[in-house]
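J.: Sharing a model prediction with you, sequence too.
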Amino acid sequence: MFGENIKISFDNNNLFLYAEDKKVFAQPLSDYPRLKKATAEQKAKWKLSNIGIHWEEIDEDISFESFLYDKNDPLVVKMRCL
């Protein structure tokens with residue numbers, strides 16, 4: 001679904017994933033404090049894995065699956081509150 005030639009970018013609040021099929025997915029950086037606090041240089045040092053995106057320097061991983069979660073699902077909302 002996402003492909004091997006994905007691109008990512010950031011704004012102040014979100015991580016954006018641009019899939020090969022031109023779809024754009026987003027994750028709020030508030031869900032990933034290490035990534036939110038990372039420098040632009042650290043954010044740029046990501047690698048693809050079989051299951052998602054990895055930032056070695058800040059020890060952060062985001063699964064491809066998480067980009068597909070229904071953000072309004074009560075379980076997802078509850079987990080964010082923990």
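T.: Arrived safely.
J.: any weak-confidence spans in this structure?
T.: Across the chain, the ranges flagged by pLDDT under 70 are 1, 3, 71-82.
J.: how about a cut-off of 80?
T.: Where the chain drops to pLDDT under 80, the residues are 1-4, 69-82.
J.: would you list every one of the strands in this structure?
T.: Along the chain, counting by DSSP state E, strands occupy 7-10, 14-18, 24-28, 47-48, 52-55, 60-63.
J.: export the ones you listed to JSON lines and tack on mean neighbour count and distance to Thr39?
T.: (Each C-beta comes from the backbone N, C-alpha and C, glycine too.) Output for the strands of the chain, formatted as JSON lines (neighbours: other C-beta atoms under 10 Å; distance: least, C-beta to C-beta, whole Å):
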{"stretch": "strand 7-10", "mean neighbour count": "13", "distance to Thr39": "11"}
{"stretch": "strand 14-18", "mean neighbour count": "17", "distance to Thr39": "15"}
{"stretch": "strand 24-28", "mean neighbour count": "14", "distance to Thr39": "19"}
{"stretch": "strand 47-48", "mean neighbour count": "12", "distance to Thr39": "17"}
{"stretch": "strand 52-55", "mean neighbour count": "18", "distance to Thr39": "11"}
{"stretch": "strand 60-63", "mean neighbour count": "16", "distance to Thr39": "13"}
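J.: Can I get the ones you listed in CSV including distance to Lys36?
T.: Below are the strands of the chain laid out as CSV (distance: least, C-beta to C-beta, whole Å):
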stretch, distance to Lys36
strand 7-10, 9
strand 14-18, 9
strand 24-28, 9
strand 47-48, 19
strand 52-55, 12
strand 60-63, 10
